[in-house]
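1. sequence and predicted structure below; questions after.
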Amino acid sequence: MWKEFKQFAMKGNVVDLAVGVVIGGAFGKIVSSLVSDIVMPLIGLLVGRLDFTNWFIPLKAGNFNTLEEAKKAGVATINYGVFLNNVLDFLIIAFSIFIVIKQINRFTRKKEAPEPAPAKTKLCKYCYSEIHVDATRCPHCTSEVEA
């Protein structure tokens, strides 16, 4: 059983998948940081110095200025600002993966087969022998053929 597991784990696809998951996780962290630390603050600045992480709806009466205050008070909240961050995060990751896959496909695309050269021979319609395409008479049966 151990030998079977070892063979399974060392197959090329499984190892490739594991490497992809690790790199994807690291890439996801980088993009999450890009969104939450760079992109969203810039968007917030453009919209009027808003912090999207503090866009929430408390599900209990009270006046809370920040999400942290609401959580400290133990109030359940609907965090639609955090949701917007996550949606933007996803869109950036999806677009980045699309660009990477598009480039990989461009480099690995099979070259189209060249068009075949024009035929240099044709068949005689009387004896079905192969003759040159410009011939006007078949050398085998001596019939006249169309040029």
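-> Alright, I've got the coordinates.

2. so what touches stretch 19-31?
-> 89, 92-93, 96 (Cβ atoms under 8 Å, 6 or more residues apart in numbering). C-beta: built from backbone N, CA, C; applies to glycine.

3. next SSE after the host helix or strand of Q103?
-> Taking DSSP states H and E as the definition, Q103 sits inside helix 80-108. Note on helix 80-108: by DSSP H and E, the next helix or strand toward the C-terminus is strand 121-123.

4. okay, now the sheet partners of that next one, with direction.
-> Strand pairing for strand 121-123, using DSSP bridges, gives strand 130-132 (antiparallel).

5. now do the helix holding Q103, average pLDDT.
-> Helix 80-108 comes out with an average pLDDT of 84.

6. for that helix, which helices and strands make contact with it?
-> helix 12-33 (3 or more Cβ pairs under 8 Å, 6 or more residues apart in numbering; DSSP states H and E).

7. how big is the angle separating the next helix or strand after the helix it packs on from helix 80-108?
-> For helix 12-33, the following helix or strand on the C-terminal side (DSSP H and E) is helix 40-47. Here helix 40-47 points in a direction 120 degrees away from that of helix 80-108 (axes from the mean of the first three to the mean of the last three Cα atoms, to 10 degrees).

8. hmm, back to that, list the buried residues for the helix holding Q103?
-> 81-82, 84-85, 88-89, 93 (16 or more other Cβ atoms under 10 Å).

9. which one of the residues you listed is nearest F8?
-> Checking the buried residues of helix 80-108 against F8 with Cβ to Cβ, the nearest one is I93 at 29.3 Å.

10. how close does that closest one sit to A73?
-> 34 Å (Cβ to Cβ, to the nearest Å).

11. ditto for G20
-> For G20, the distance to A73 - Cβ to Cβ - is 42 Å.

12. ok, and the closest non-adjacent residue to E144?
-> Closest residue in space to E144, ignoring its immediate chain neighbours: R137 at 5.5 Å, by Cβ to Cβ, 6 or more residues apart in numbering.

13. many thanks, I have nothing further to ask.
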